[in-house]
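S.K.: Sequence first, predicted model second:
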Amino acid sequence: MPAPRSPLTRPDGSPIRALVVDDEVNLGELLRMAMSNEGWDARAATNGRDALELMRGFGPDLLVLDVMMPGLDGIELLTRIRAAGDDLPVLFLTARDAVEDRIAGIAAGGDDYVTKPFNLEEVILRLRGMARRHVAAAVAADTLLRVGDLALDEDAYEVTRGGSEIKLTAKEFELLRYLMQNTRRVVSKAQILDAVWGYDFGGDSGVVEIYISYLRRKIDAGRDPLIHTVRGVGYTIKAS
């Protein structure tokens, strides 16, 4: 028996969002169920116009798209999606296997192409690969960390809470970034020292308590606290 596949999630830990668009209702439902079995939030539409409407509120991470559909076909649908600046990965499904159709799908911005009939397991494996690359790219591109109404922009070196800027020293910024990178996890003083001050730090470990108090004055003063002490264990940051 093959080993179970590890679940894929979005960078925030929520399920991958997938949308399948195919005017063959039974086929669309089969694909939707297969993606749901992967732990993804999967939905289906039977035509291009319904798909566009669904995408506005759903915000899928990947798209499975039939080429031949009445009204707004798959090529035109993807052309509109790409024109709007959305770079989500797209897998084309079609009964047509002519080279010209493959070229048209890729030219429209498709990432992969599978002809009907297809092997369901192969399609899911291809989609997992596409989702994994999409998530990795999103993580690499995202320099903004958030916890509740607290935001830390790593590129701009800025911190805001409720839209108000908070001035931090370089070491306070590093400490807050480490806490936010480990949101809802309890980290010990030793872990903080290693991550923020380095293994060669030769000072008193009490420096962690001092800098935590500095952050609390700037981050939590007069607001619902985000930084919490877990006695005997360490510290965590989380929204109430």
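M.R.: Thanks, I have it.

S.K.: In the sheet, which residues pair with Thr236? Tell me.
M.R.: Thr236 forms beta bridges with His228, as assigned by DSSP bridges.

S.K.: Verify the contact between it and Gln191 for me.
M.R.: No. The criterion here is CB atoms under 8 Å, and Thr236 misses it with Gln191 at 11.4 Å. For the C-beta atoms, the positions are set from N, CA and C on the backbone; glycine is no exception.

S.K.: Give me the common contacts of those two.
M.R.: Overlap of the contact sets of Thr236 and Gln191 (by CB atoms under 8 Å, 6 or more residues apart in numbering) is empty.

S.K.: low-scoring stretches of this structure, by residue?
M.R.: For the chain, the stretches with pLDDT under 70 are 1-6, 96-98, 139-142, 199-203.

S.K.: So which residues of it form strands?
M.R.: Using DSSP state E, the strands found in the chain span residues 17-21, 41-45, 62-66, 90-94, 112-115, 144-147, 150-153, 158-161, 164-166, 227-230, 234-237.

S.K.: Please tabulate those in JSON lines and include distance to Arg133 and mean neighbour count as additional columns.
M.R.: Output for those, formatted as JSON lines (distance: least, CB to CB, whole Å; neighbours: other CB atoms under 10 Å):
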{"stretch": "strand 17-21", "distance to Arg133": "14", "mean neighbour count": "25"}
{"stretch": "strand 41-45", "distance to Arg133": "18", "mean neighbour count": "21"}
{"stretch": "strand 62-66", "distance to Arg133": "10", "mean neighbour count": "26"}
{"stretch": "strand 90-94", "distance to Arg133": "12", "mean neighbour count": "24"}
{"stretch": "strand 112-115", "distance to Arg133": "11", "mean neighbour count": "17"}
{"stretch": "strand 144-147", "distance to Arg133": "21", "mean neighbour count": "16"}
{"stretch": "strand 150-153", "distance to Arg133": "25", "mean neighbour count": "18"}
{"stretch": "strand 158-161", "distance to Arg133": "29", "mean neighbour count": "17"}
{"stretch": "strand 164-166", "distance to Arg133": "35", "mean neighbour count": "12"}
{"stretch": "strand 227-230", "distance to Arg133": "35", "mean neighbour count": "15"}
{"stretch": "strand 234-237", "distance to Arg133": "30", "mean neighbour count": "21"}
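
S.K.: Pull the contacting residues for Phe122.
M.R.: One thing to correct before we go on: residue 122 is Glu, not Phe. Val114.

S.K.: Kindly apply the preceding question to Leu19 instead.
M.R.: Taking CB under 8 Å, 6+ apart as the test, what Leu19 contacts is 42-45, 51, 54-55, 58, 60, 62-64.

S.K.: What residues of the longest helix seen in the chain count as buried?
M.R.: Longest helix of the chain, by residue count under DSSP state H: helix 120-141. Buried residues in helix 120-141, defined by neighbour count with 16 or more other CB atoms under 10 Å: 123-124, 126-128, 130-131, 134-135.
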